[in-house]
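> When you get a sec, could you give me coordinates for this:
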Amino acid sequence: MTIRVGVLGAGGRMGREVCRAVRAAEGLRLEVAVDPHNAGDTVEGVYVRSSHAELGPDDVDVMVDFTHPSAVYANVCDLLDAGIHVVVGTTGMTDEQLEDVSARADASSANAFVAPNFAIGAVLMMHVSQVIARYLPHVEITELHHDGKADAPSGTALRTADLIASAREDAPAPVMGEVIDGARGADRAGIRVHSVRLPGLVAHQEVLFGGEGQTLSIRHDSIDRSSFMPGVILAVRRVADAPGLTVGLEALLDL
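Alright, predicted model coming up:
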């Protein structure tokens, strides 16, 4: 059965990449493109509409959201209430918003899949970091993204910190000594997170562990947005079979 797919934010860099990937994927059909900033254009041969307000399950099976942190929560709520499965690649939703999304998904005939990062390598980085944290609990995270990214720290960095915090048995005492406020980065679950925003970057993260007489670093680099597409397509294929809200691509991988 062909899965009819729509893309929110279809005119953006990630949205256009998703549209191309959907068009190229077997068993998927790009049915709808939505982007209020590019309404009236076409993306991969599909007319771009200004709103998703009139869409229902008779029009599209799965919507993929790559919009903006200020819009994603309302978009997801609208789609779940309309009975449309949603795959979310936009970061920036709060824990409280995710709780509400979970409740809405439970009450809906549609499911939600949210991933801070769709790159397989990034998911493996997070998974391995959990394992290492059991033995090297001293750790800091540096994430680097393009200067157009709207949120900091990144969703990947926050997810990595949460996974590490859940894995390590004893959190070491923080090392501070800031001369300028913020020099030690943000504190997420007792883990320092540093954000870099520069033109020329795409999406990068290093997790640096320290122990007596040694360090261990894991780094993942997305040098092209195509790196996210296998994960997006996997989520589009599987969201209908994942009841309620699912967070993290690792849920769909055999890790």
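> can you tell me which helix or strand residue 57 belongs to?
Using DSSP states H and E, residue 57 falls within no helix or strand.
> Angles on the backbone of the closest residue to residue 245 other than its chain neighbours, please.
Using CB to CB, 6 or more residues apart in numbering and skipping the chain neighbours, the partner closest in space to residue 245 is residue 102 (4.0 Å). For the C-beta atoms, the positions are set from N, CA and C on the backbone; glycine is no exception. Here is the backbone geometry of residue 102 (degrees, to the nearest 10): phi -60, psi -50.
> Now do the contacts for residue 102.
Neighbour list for residue 102: 112, 244, 245 [criterion: CB atoms under 8 Å, 6 or more residues apart in numbering].
> Report whether residue 176 is found in a strand, as I expect.
No: under DSSP: H, G, I helix; E, B strand; the rest coil, residue 176 falls outside any strand and is assigned coil.
> you'd agree it is up against residue 184?
Yes: in this structure, residue 176 is within contact of residue 184 by CB atoms under 8 Å, at 6.0 Å.
> So the two - more neighbours on which side?
Ranked by neighbour count (other CB atoms under 10 Å), residue 176 and residue 184 place residue 184 first, with 16 against 9.
> mind checking pLDDT for the residue lying farthest from the centre of the chain?
Within the chain, residue 213 marks the point farthest from the mean C-alpha position, 35.1 Å out by CA atoms, centre = their mean. pLDDT for residue 213: 97.
> same check, this time on residue 204
On the pLDDT scale, residue 204 is placed at 97.
> Counting neighbours, which of the contacts of residue 102 comes out on top?
Ranked by neighbour count under the definition other CB under 10 Å, those are headed by residue 112 with 27 neighbours.
> give me the beta-bridge partners of that one?
Following DSSP bridges, residue 112 is listed with bridge partners residue 86, residue 245.
> wouldn't it be in contact with residue 80 here?
Yes: under the contact definition of CB under 8 Å, residue 112 touches residue 80, with a separation of 6.1 Å.
> what's the overlap in contacts for the two?
In contact with both residue 112 and residue 80: 86, 101, 104, 105, using CB under 8 Å, 6+ apart.
> average pLDDT for the helix or strand harbouring the last one?
By that I understand residue 105. Assigned by DSSP H and E, residue 105 belongs to helix 95-107. Mean pLDDT, helix 95-107: 96.
> do the same with stretch 247-255
For stretch 247-255, the mean per-residue pLDDT is 90.
> got the end-to-end distance for that stretch?
One end of stretch 247-255 sits 15 Å from the other (CA to CA, to the nearest Å).
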